[in-house]
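In: can you look at this prediction? I've put the sequence above it.
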Amino acid sequence: MCGIVGVVGLADCSETILDSLKRLEYRGYDSSGIVTQTKDGFGLQRAVGKLKNLSDLMRESPLAGQSGIGHTRWATHGGVTEQNAHPHVAGDKVAIVHNGIIENHVALRATLEAAGHLFSSETDSEVLAHLFLQAFDEGMTPEQAAASVLSRIEGAFALAAMHVDYPDMMIVARNASPLAIGLGENASFIGSDAMALSHLTRDVIYLKDNDFAIVRPEGAEVFDSAGTPVNREVVIVAASQGVVDKGGYRHFMEKEIHEQPDAIAHTLAAMTGADGTLSTPLPREELAQIDGIVMLAAGTSHYAAMVARYWIEALARVPVTCEIASEYRYRKPVTGAFSCAIAISQSGESLDTLMAMRHAGEAGLKTIGLVNVPGSTIAREADLVMPTRAGPEIGVASTKAFTAQLTALISFATALAEAKGAIDTARRDEIHAQIQKLPSMVGRALASFDEIRPIAHELTTARSALYLGRDVLFPVAMEGALKLKELSYIHAEGFASGEMKHGPIALIEEGLPVIALLAAGEVMGKAASNLQEASARGASIILITEERAAATVDFADRVVTVPNIDPLLAPVLLTIPVQILAYLTAFEKGTDVDQPRNLAKSVTVE
Ligand code: M6R
């Protein structure tokens, strides 16, 4: 989603800003822009589409200056046009960039227009430029202007503003949207996340909600919402290799699919205690106290939560509810039956999940953040962090983060079950041993690329597809459908196999692709019968299954097999062909695999 970067006090800063914007490209955007401050005023370049278009413009007309801000925009208010791209300049005196939504922008705009301000875009963000202009024109200092503007706006935001009269100064502020300030030797930097700054500095200040800061080359002064100076800790972020590359793969997604054995192994290591047994961020005595868990997540992370519900309820006998994060707080949930909330998020920045976690925390639940990005907002705000160690995930479609989440969650479920006395240590060790086999099993499942290629070829011409799974494979069916939709733009739905006969079976017509997930276990026979019902009505069955279960569906049109595995862990292994099928279908259709249309990696608006 929108990305903000800024530099104060670095000669010819526009190239640095562009480089930092490239590091935020993975978040998703549809236009971009940079403004720099020179002795003659602002220099501005904006372009629709990829950053290359902005970089081409800058090659034709370079932007001078030692302070500036850049932005990648993911459209919310107003179409994808150059006029709506950020930065926005008001009265040739103020330039701003903004991430989030100014909820009261309609009323503010009307007031400003009545006062004679002329707007040039359809965005909610432009009101910020005019509010700052008004404040400075009234003679306010930067601190007073910041406090005044913040007192007038509502919503979630991260923003940066510059004024021509203050060439080496930038105002920044945030509420619920992420923003980091990087401190260099003779220059300061701002970025939507630490990754944008990792090539510039490791010393980072994370603003708290409703903080604002005055950033100068020599450092940053931070103020709380009342305008009182406050100290915010300087955090040393982990060294980074900088821009993550594709490592010889065609797409980040292809690389990330192949990184899953490592992502799982590293995540398992993070869930393993010094004595070699499974451990969680909670000590055993506190685990034993958990009597109900609320899972909060969006998209693929929500499907990881749904898989975990099967595991936790079956193994630990602890009730679990899985909530779509964006729905949770607004339906005023009854929380009394739950003592713990697990917020699952790859980015650790999904605003829906963050807000849901805050709501759960305010209701008295202990919050655990299951996140992949260290230092992210959810990681910083949760009572406890349970990390996945998948490494940076750049492709918009979540792959290795999902299987890493599953790894952490089965480990958590097992440790919880043992702490609750629902399983003995022998069973715990048996499951642990199965989990330890996952990296090599996933490695073997990756060999199915060539087997899946012709199936993907056929799928490219489909208008619609169904994914079916039963029991613990039902959430994987929904994840498969999501992967196909978001990458190849083919309509797809995931259903619980047993639910088909209650309505969705009406969708079946001759040749409709039905991707069927099947594993050995209690419900295999019933799931196979459900597939028979679809096949009898003309569906083309693409079976994704374990080697030992393949013969159960001898009517399948296509079969992809993975090695046999404990039924508990089948969701992890069967996910691999599901990801490969979506990847290869999208690749053959020629869609933008790593940055599918309309999507953002880090969704920081509600
Ligand atoms: O970073 P998060 O895990 O909080 O993101 C949640 C969803 O936005 C994300 O999983 C999304 O559904 C992916 N595009 C799925 O591939």
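Out: That came through fine.
In: quick check: residues of the stretch 401-550 of the chain near the ligand?
Out: Within the stretch 401-550 of the chain, the positions lying close to the ligand (CB under 6 Å from any ligand atom) are 482, 486. Just so you know, the C-beta spots here come from the backbone N, C-alpha and C atoms, and that holds for glycine as well.
In: report the separation between Ala465 and the ligand.
Out: In this view, Ala465 and the ligand are 17 Å apart by CB to the nearest ligand atom, to the nearest Å.
In: who is that residue paired with across the strands?
Out: Ala492 (DSSP bridges).
In: correct me, but it touches Pro513?
Out: Yes. Contact criterion CB atoms under 8 Å: Ala465 and Pro513 qualify, at 4.3 Å.
In: between these two, what contacts are shared?
Out: Leu459 (CB atoms under 8 Å, 6 or more residues apart in numbering).
In: how many residues are close by the residue of the stretch 1-150 of the chain found nearest the ligand?
Out: Of all residues in the stretch 1-150 of the chain, Gly28 sits closest to the ligand, at 9.1 Å by CB to the nearest ligand atom. When counting by other CB atoms under 10 Å, one arrives at 22 neighbours for Gly28.
In: Val385: what secondary structure?
Out: What DSSP: H, G, I helix; E, B strand; the rest coil gives for Val385 is strand.
In: surely it meets Thr280?
Out: No. Contact between Val385 and Thr280 fails when scored by CB under 8 Å: they sit 10.9 Å apart.
In: pretty sure the residue of the stretch 1-150 of the chain closest to the ligand contacts Gln595?
Out: Yes. Using CB under 8 Å, Gly28 is in contact with Gln595, at 6.1 Å.
In: what lies in contact with stretch 112-126?
Out: 76-79, 83-84, 86, 88, 90-91, 96-98, 101-102, 105, 109, 127, 130-131, 133-134.
In: quick one: terminal-to-terminal distance for it?
Out: Length of stretch 112-126, first residue to last, CA to CA, to the nearest Å: 11 Å.
In: what does the stretch 151-300 of the chain have sitting close to the ligand?
Out: 298-300.
In: so which of the contacts of stretch 112-126 are in helices?
Out: 105, 109, 127, 130-131, 133-134 (DSSP state H).
In: got the phi/psi numbers for the residue in the chain that the ligand sits nearest to?
Out: Per CB to the nearest ligand atom, Gly299 is where the chain lies closest to the ligand, at 1.9 Å. Main-chain dihedrals, Gly299, degrees, to the nearest 10: phi 60, psi -130.
In: pull up the overlap in contacts between Gly28 and Gln595.
Out: What both Gly28 and Gln595 touch, as defined by CB under 8 Å, 6+ apart, is the set Val396.
In: surely Ser32 and Glu82 touch.
Out: No. Using CB under 8 Å, Ser32 is not in contact with Glu82, being 10.2 Å away.
In: and those two? which has more neighbours close in?
Out: Ser32 (30 against 14).
In: hey, what's that one bridged with?
Out: Where Ser32 sits in a bridge, its partners, by DSSP bridges, are Ala47, Thr72.
In: run a quick neighbour tally on Asp262.
Out: 17.
In: which secondary structure element is home to it?
Out: helix 260-270 (DSSP states H and E).
In: re earlier: and for Ser32 and Glu82, which residues touch both?
Out: What both Ser32 and Glu82 touch, as defined by CB under 8 Å, 6+ apart, is the set 46-47.
In: coming back round to it: just give me how far the helix holding Asp262 sits from the chain centre.
Out: How far helix 260-270 lies from its chain's middle: 19 Å, per CA atoms, centre = their mean, to the nearest Å.
In: cool, stretch 282-297 as well?
Out: Going by CA atoms, centre = their mean, where stretch 282-297 is centred and where its chain is centred differ by 24 Å.
In: avg pLDDT for it?
Out: For stretch 282-297, mean pLDDT rounds to 96.
In: would you mind measuring the gap between the ends of that stretch?
Out: Span of stretch 282-297 from end to end, CA to CA: 20 Å.
In: low-confidence regions, the stretch 351-500 of the chain specifically.
Out: Applying pLDDT under 70 to the stretch 351-500 of the chain flags no residue at all.
In: how about the strands in it?
Out: Taking DSSP state E, counting those that start in this stretch as the test, the strands found in the stretch 351-500 of the chain are 366-371, 384-387, 464-469, 491-496.
In: format these as CSV; extra columns: distance to Thr228 and mean neighbour count.
Out: Listed next are the strands of the stretch 351-500 of the chain as CSV, based on distance: least, CB to CB, whole Å; neighbours: other CB atoms under 10 Å:
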stretch, distance to Thr228, mean neighbour count
strand 366-371, 28, 26
strand 384-387, 29, 20
strand 464-469, 54, 25
strand 491-496, 51, 20
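In: okay if I get those as a markdown table plus distance to Pro439?
Out: Below are these laid out as a markdown table (distance: least, CB to CB, whole Å):
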| stretch | distance to Pro439 |
| --- | --- |
| strand 366-371 | 19 |
| strand 384-387 | 17 |
| strand 464-469 | 23 |
| strand 491-496 | 26 |
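In: how far does the helix or strand of the chain with the lowest mean pLDDT sit from its chain's centre?
Out: When each helix and strand of the chain is scored by mean pLDDT, DSSP states H and E, helix 194-197 comes last, with a mean of 82. Taking CA atoms, centre = their mean, the mean C-alpha location of helix 194-197 is offset from the chain mean by 16 Å.
In: check stretch 199-207 too.
Out: 21 Å.
In: just the residues contacting it, thanks.
Out: 16, 19-20, 23, 172-174, 178-184, 189, 194, 197, 213, 220, 222, 232-240, 242-243, 375, 380.
In: next, the distance between the ends of it.
Out: So stretch 199-207: terminal residues 20 Å apart, CA to CA.
In: for stretch 216-233, same thing?
Out: OK, stretch 216-233 end separation, CA to CA: 17 Å.
In: what sits up against it?
Out: By CB under 8 Å, 6+ apart, stretch 216-233 touches 8-10, 143-144, 146-147, 150, 168-170, 172, 181, 183, 186-188, 205-208, 210-214.
In: likewise stretch 80-91?
Out: 2, 30-35, 42, 44, 46-48, 69-71, 73, 75, 78, 95-98, 117, 120-123, 125-126, 128-130, 132-133, 137.
In: okay, and which of the contacts of stretch 199-207 map to strands?
Out: Residues of the contacts of stretch 199-207 located in strands (DSSP state E): 172-174, 180-183, 189, 213, 220, 222, 234-236.
In: and these, which are buried?
Out: Neighbour counting by 16 or more other CB atoms under 10 Å classes 172-174, 180-183, 189, 213, 220, 222 among these as buried.
In: same list (these) but as TSV, adding pLDDT.
Out: Below are these laid out as TSV (pLDDT from 0 to 100):
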residue	pLDDT
Val172	98
Ala173	97
Arg174	94
Ala180	91
Ile181	95
Gly182	95
Leu183	96
Phe189	96
Ala213	98
Ala220	97
Val222	97
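In: identify the farthest-apart pair in the residues you listed.
Out: Within these, Ala173 and Leu183 form the most distant pair, 17.6 Å apart (CB to CB).
In: mind listing what's buried in stretch 4-16?
Out: Buried, per 16+ other CB under 10 Å, within stretch 4-16: 4-10, 13-14, 16.
In: that should have said stretch 503-521, apologies.
Out: 505, 507-508, 512-521.
In: I'd like those residues as a markdown table, with distance to Ala337 and pLDDT appended.
Out: Formatted as a markdown table, the buried residues of stretch 503-521 follow (distance: CB to CB, whole Å; pLDDT from 0 to 100):
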| residue | distance to Ala337 | pLDDT |
| --- | --- | --- |
| Ile505 | 35 | 92 |
| Leu507 | 37 | 94 |
| Ile508 | 39 | 94 |
| Leu512 | 41 | 97 |
| Pro513 | 41 | 98 |
| Val514 | 37 | 98 |
| Ile515 | 36 | 98 |
| Ala516 | 35 | 98 |
| Leu517 | 31 | 98 |
| Leu518 | 34 | 97 |
| Ala519 | 31 | 96 |
| Ala520 | 34 | 94 |
| Gly521 | 29 | 91 |
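In: cool, thanks, signing off.
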